[in-house]
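Engineer: no sequence for this one, just the structure:
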């Protein structure tokens, strides 16, 4: 397996991106293609990893799309940018997947332009894995930012893709699907939510467990939760921010006196596990679902471990042939695996 | 000061509601009017608080609006329900404020019908205080559920009311206002967010600090954040759910072995403070802003402490004459106090 890594994208690129790629390479036994400025990458490898530098393939690219650039405009002006070249590798089947911590909009636009949409999908969605209170049972929330104004059928498609991903890549036997909403009753919510509730309920190939409220997201009852990209993005960023808030508050409150410091020292491994269990960054990246290729989009602030985690997400998707599953199942219009829940 | 307490509303009514009212009564030196079934309330008081039972005023009401009832329909059929009678007390100036942990929709409808809107306010909003990482510096988020589909001018009015409340009731000298959105740039967001950004920016009497992303909510930078009631409700319930998730995870992870249990014991006061700092329930209730009376809406699941906290919120609003401030300032169309932040 070969993963194209956009080595120039992200706040801590290229250092953390390269380190993350090397980490994933040694941990998962995959091949990484570092895409970006040949001189910069090669100099970094020679200086910090001289023993293996010659084994790592660098794919040259010129520049990257800056955070303030308009995606399509940036891609037009920089056709050899690291994200464009990375996508080309997937398109030409020289890589099985791509990961980028750069400009999210540019990664999406490049994926759409270079790889195109899967048949039957109107709008690709970004699906993020959020931790729940149940260990090792994340919830897939989509869309978290690709589609701001949605029509009901987009959310139907998000539901299909989410269920297939949950089943095939995450191994959930019968994933439970929820619609993010402000109450349990079918009549609750804005116009979009009411219409989507009805169409998911009526959908012949989707088993729908009903509305999921904000408080249900981290409870671990649902495996897949669909929403429009505006609400999803607000929620995702709120959840991400919490990790930092938690660390700040722990730091404030666990260093007040010797008793607290002793307690904190005794609990060090436990607190570490708590952080890992609640850290939205644990899964290292969101999947762009609905394009004809496996694309993982990581946070701009990703460090090496996040990138390695993100590569793991990409690897799982490739290993489990998620793309082909979505393609065939949506074309065949067969039921997607899901738990059958009695409807109200 | 006299606060009307809907003793029949809430999952743990009347017990926790009465206990909360008595707690607030002794803590804040206010008078509470317990509204509901005279026999039930009186029996409870005589059994559990015989020494003070005769000092507590009970205002009789018949029945309450059930959670599954349609608000307007319920109010029509039960004009003497506890929430309707409570609102009447405020209308007739026999109470300075009302608090209910019952049906939120019914409380809102009763407030609109009995008290009416303030002049210049199209839609009242529910404003919730969420904790931030900075101690004693909550952020007021509105609307969190009263208005699902919003027009830009509604959010302008939410902003005005929020700034005035933050300044006069919470004592923030120059409250910083944000618009909940999915990016910092003015062009980001759905149609509503883009239009509201522009109108807040152009507003002669509002000083607007720009977009607030999900991750900014708990950072403590903003004092007031406006959004539509759908997004706000999802966010609020997600934040509320977190408290429970945190407790569950702590319970799982801090009892794994003797070392962890010793550490947890040493940290008991610290963990308690951490919970208090991050608990969305700490403020005990949300304010219904924009109706001609002070109304606090508490969670259905409120316990006595939450109700007492909610009464504290009502008391602060009454003490600081928030209603009159909003009324006069909106009529006078003068600037609302806010920090002047350079715009991009």
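Structural biologist: Good, I have the coordinates. Since we're looking at a predicted model, the values are computed, not measured.
Engineer: how about the residues of the stretch 51-200 of chain A near chain B?
Structural biologist: A:132-133, A:135, A:145, A:148-149, A:180-182, A:189-191, A:193 (Cβ under 8 Å from any Cβ of the partner chain). Just so you know, the C-beta spots here come from the backbone N, C-alpha and C atoms, and that holds for glycine as well.
Engineer: Just put those residues in JSON lines and tack on pLDDT.
Structural biologist: Shown next, in JSON lines, are these (pLDDT from 0 to 100):
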{"residue": "A:132", "pLDDT": "91"}
{"residue": "A:133", "pLDDT": "90"}
{"residue": "A:135", "pLDDT": "87"}
{"residue": "A:145", "pLDDT": "91"}
{"residue": "A:148", "pLDDT": "92"}
{"residue": "A:149", "pLDDT": "89"}
{"residue": "A:180", "pLDDT": "98"}
{"residue": "A:181", "pLDDT": "97"}
{"residue": "A:182", "pLDDT": "94"}
{"residue": "A:189", "pLDDT": "92"}
{"residue": "A:190", "pLDDT": "92"}
{"residue": "A:191", "pLDDT": "92"}
{"residue": "A:193", "pLDDT": "95"}
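Engineer: Now the two most distant members of those.
Structural biologist: A:135 and A:191 (37.6 Å; Cβ to Cβ).
Engineer: any idea which helix or strand carries residue A:288?
Structural biologist: Using DSSP states H and E, residue A:288 sits within strand A:286-289.
Engineer: what's the model's confidence in that strand, averaged?
Structural biologist: Here strand A:286-289 scores 94 as its mean pLDDT.
Engineer: next one: stretch A:101-115
Structural biologist: Mean per-residue pLDDT for stretch A:101-115: 94.
Engineer: any idea whether residue A:10 is helix, strand or coil?
Structural biologist: Judged by DSSP: H, G, I helix; E, B strand; the rest coil, the three-state class of residue A:10 is coil.
Engineer: what about it, how many neighbours?
Structural biologist: 25 (other Cβ atoms under 10 Å in any protein chain shown).
Engineer: Next, give phi and psi for it.
Structural biologist: phi 120, psi 160 (degrees, to the nearest 10).
Engineer: nearest residue to it other than its sequence neighbours?
Structural biologist: residue A:101 (3.2 Å; Cβ to Cβ, 6 or more residues apart in numbering or on different chains).
Engineer: Next up, the contacts around the one you found.
Structural biologist: A:6, A:9-11, A:13, A:17, A:285, A:297-300, A:302, A:306-307, A:310 (Cβ atoms under 8 Å, 6 or more residues apart in numbering or on different chains).
Engineer: just the buried members of the residues of the stretch 51-200 of chain A next to chain B?
Structural biologist: Using 16 or more other Cβ atoms under 10 Å in any protein chain shown as the burial test, these include A:132, A:133, A:145, A:148, A:180, A:181, A:182, A:189, A:190, A:193 as buried.
Engineer: what sits against the fifth one?
Structural biologist: If a contact means Cβ under 8 Å, 6+ apart, then residue A:180 has A:141, A:193, A:211-214, A:217, A:225-227, A:231-232, A:235, B:234 as its contacts.
Engineer: And the residue of chain A positioned farthest from its centre, what's its pLDDT?
Structural biologist: Computed with Cα atoms, centre = their mean, the maximum C-alpha offset from the centroid of chain A is found at residue A:258, amounting to 41.2 Å. With respect to pLDDT, residue A:258 scores 87.
Engineer: did I read that right, residue A:95 in a strand?
Structural biologist: No. Assessed by three-state DSSP, residue A:95 does not belong to a strand; its assignment is coil.
Engineer: how near is it to residue A:1?
Structural biologist: As judged by Cβ to Cβ, to the nearest Å, residue A:95 and residue A:1 stand 9 Å apart.
Engineer: Name the residue in these two with the higher neighbour count.
Structural biologist: Each of residue A:95 and residue A:1 has its neighbours counted (other Cβ under 10 Å); residue A:95 has more, 27 against 15.
Engineer: Just confirm that one contacts residue A:5, I think it does.
Structural biologist: No. Taking Cβ atoms under 8 Å as the definition, residue A:95 is not a contact partner of residue A:5, at 9.0 Å.
Engineer: Now the common contact residues for the two.
Structural biologist: Common neighbours of residue A:95 and residue A:5, using Cβ under 8 Å, 6+ apart, are A:33, A:86.
Engineer: that older thread, what would the residues of the stretch 51-200 of chain A next to chain B look like in JSON lines with secondary structure?
Structural biologist: JSON lines is the format used below for these (three-state DSSP):
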{"residue": "A:132", "secondary structure": "coil"}
{"residue": "A:133", "secondary structure": "coil"}
{"residue": "A:135", "secondary structure": "coil"}
{"residue": "A:145", "secondary structure": "coil"}
{"residue": "A:148", "secondary structure": "coil"}
{"residue": "A:149", "secondary structure": "coil"}
{"residue": "A:180", "secondary structure": "strand"}
{"residue": "A:181", "secondary structure": "coil"}
{"residue": "A:182", "secondary structure": "coil"}
{"residue": "A:189", "secondary structure": "coil"}
{"residue": "A:190", "secondary structure": "coil"}
{"residue": "A:191", "secondary structure": "helix"}
{"residue": "A:193", "secondary structure": "helix"}
